[in-house]
Structure formats: structure tokens, C-alpha cells
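Visitor: below: sequence and its predicted model.
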Amino acid sequence: AQSVTQLGSHVSVSEGALVLLRCNYSSSVPPYLFWYVQYPNQGLQLLLKYTSAATLVKGINGFEAEFKKSETSFHLTKPSAHMSDAAEYFCAVSDLKDSSYKLIFGSGTRLLVRP
Amino acid sequence: GAGVSQSPSNKVTEKGKDVELRCDPISGHTALYWYRQSLGQGLEFLIYFQGNSAPDKSGLPSDRFSAERTGGSVSTLTIQRTQQEDSAVYLCASRSLGGGGATDTQYFGPGTRLTVL
């Protein structure tokens, strides 16, 4: 079964610093991968997705992620953190063999941005 | 034009009572999902609808949980004889069947926070 691992339940950065949120997937066949963001008391919003078209994926709000098959990773980065980036971030995978295309989520990483 | 809506936004119930949670997907989205977000289990899939049928119910935790969808639109998740471990945020998502399959984006509603006392 597919799974994703997010290293670090909490990540704290200073405003203006690099943001790096880690995600590793377990699959012998590269799945489709997603990053979602959840602001307090809100639903999930898609940041970006990897669908095998390009390994470097650019998303909204200045975020990007790079798919690395050799490392089974899909880490999320942003060059310069803003206070408004403080939220919880979820990496998710969708199994291509599963016709429901349901999402399997990691445990989430809460990003704290210090002024 | 609006996004996925869910009601109620908050529900407090007593142990043993039945509850119904409602999801209105984006108009025209034929795929609908229910997920549950809890402190202990994180975000987990419950059930998937394609149209009015549910080909994947593998995430429903017990037979106290059921869901239906009518008219290919609104869906209701019902929890019978609620237990304290059912306390969670229940999220609904919808997806258009645009031919992209897994690449089509799932759009999430704001969720219903269920508290079982």
C-alpha cells in the first residue's frame, strides 16, 4: 500500500528564511504526489501536484517541489517565508492502480514563521 | 460557481446519538470523497462516490458509519450511536471527471467539526 512520510511535525523558520518541508513516499512505481495547505479552521487547499510531466513543479504562493525518484522524495520549498505561510502542510499520494484516486496523506507539518 | 460546502460547521452531540453531516460538492463534480481528520489518526479516507454509487467504502471504520449520495450531488455521512472516538473534523472533497484521473484536483470543503461528549 502507498504511504507518505513527512519528517518533522513542526518546522519553525524566521520570516524571509528558506522553507523546506520534507516528504518521502513508498512505492516502487512513482505515484502522483500532492502538497496541500490547511489554514486554521479551513479546509485543504492544493498548493501543487506532480503528475509526471515535469520533476520541478511550481505551485501557488511561491512554493515549489521537486520530484526525485532516486530518493523517493517530493520536498516542498519556498525561498523566503512570509508570516502568512504559517499553516499546516500535508503531502499526499494517489495510487495510479486505485481507480478511486483517493488521497493518502502524510501526518502533516505545522510551519511556524517567526517575525 | 461556489466551492464545496459542508454543514453544519460544528456539531456537538452526546454519546449514543446519531448524527448526519452534509456535503454539497462543486456543481458538475461527479466524484465525491469523505475524509476524517483526527488528532490520533491524522487525515484518513472514508468513502468515495462516483455519481450515486460508492465503489470504494474501504475507509469506513465500522458499520455505524454510512453515506449516501443522491442526484449525483449532495452527500450525507451518517454516524449512528456516536462514540467519543468519532470526534474529529469530517472533510468532504469533490473532483471533476475531466479525464485526468488522479491528476484532477480534489477540492475540499471547510469541514464539519464533530464533538461527541
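Guide: In hand now; what should we look at?
Visitor: what's the span of stretch B:64-82, first residue to last?
Guide: Start to finish, the residues bounding stretch B:64-82 are 8 Å apart (Cα to Cα, to the nearest Å).
Visitor: cool, and stretch A:41-56?
Guide: Its first and final residues considered, stretch A:41-56 spans 30 Å by Cα to Cα.
Visitor: what residues sit buried inside it?
Guide: Taking 16 or more other Cβ atoms under 10 Å in any protein chain shown as the neighbour-count basis, stretch A:41-56 is seen to contain the buried residues A:43-51. In this view, the C-beta of every residue, glycine as well, is placed from N, C-alpha and C.
Visitor: so the most centrally placed residue in chain B, which state does it fall into?
Guide: Residue closest to the average C-alpha location in chain B (Cα atoms, centre = their mean): B:Trp34, at 2.9 Å. Assigned by DSSP: H, G, I helix; E, B strand; the rest coil, the conformation of B:Trp34 is strand.
Visitor: list the contacts of it.
Guide: Taking Cβ atoms under 8 Å, 6 or more residues apart in numbering or on different chains as the criterion, B:Trp34 is in contact with B:23, B:45-47, B:67, B:75, B:77, B:90-92.
Visitor: of the buried residues of stretch A:41-56, which is the nearest to A:Phe34?
Guide: Nearest to A:Phe34 among these, counting by Cβ to Cβ, is A:Lys49 at 4.6 Å.
Visitor: around chain A, pick out the residues from chain B.
Guide: Taking Cβ under 8 Å from any Cβ of the partner chain, the part of chain B that reaches chain A is made up of B:4, B:31, B:33, B:35, B:42-45, B:48, B:50, B:55-56, B:59, B:91, B:93, B:95, B:100-111.
Visitor: just the buried members of the residues you listed?
Guide: Neighbour-count burial within the residues of chain B next to chain A applies to B:4, B:31, B:33, B:35, B:43-45, B:48, B:50, B:56, B:59, B:91, B:93, B:95, B:102-104, B:106-111; the criterion is 16+ other Cβ under 10 Å.
Visitor: in helices, which of the contacts of B:Trp34 fall?
Guide: Applying DSSP state H to the contacts of B:Trp34, no entry is found in helices.
Visitor: drop anything exposed from these.
Guide: Buried subset of these (neighbour count, 16+ other Cβ under 10 Å): B:23, B:45-47, B:67, B:75, B:77, B:90-92.
Visitor: quick one: the residue nearest to the centre of chain B from chain A, how far?
Guide: Applying Cβ to the nearest Cβ, to the nearest Å, one obtains 10 Å for the distance of B:Trp34 from chain A.
Visitor: re earlier: which of the buried ones among the contacts of B:Trp34 sits closest to A:Ala17?
Guide: Proximity to A:Ala17 was ranked across the buried ones among the contacts of B:Trp34 by Cβ to Cβ; first place goes to B:Leu91, at 30.7 Å.
Visitor: in the sheet, who's paired with that closest one?
Guide: According to DSSP bridges, B:Tyr35 are recorded as the beta-bridge partners of B:Leu91.
Visitor: list the contacts of it.
Guide: Residues in contact with B:Leu91 (Cβ under 8 Å, 6+ apart) are A:43-44, B:6, B:34-37, B:43, B:108-109, B:111.
Visitor: many thanks, we can stop here.
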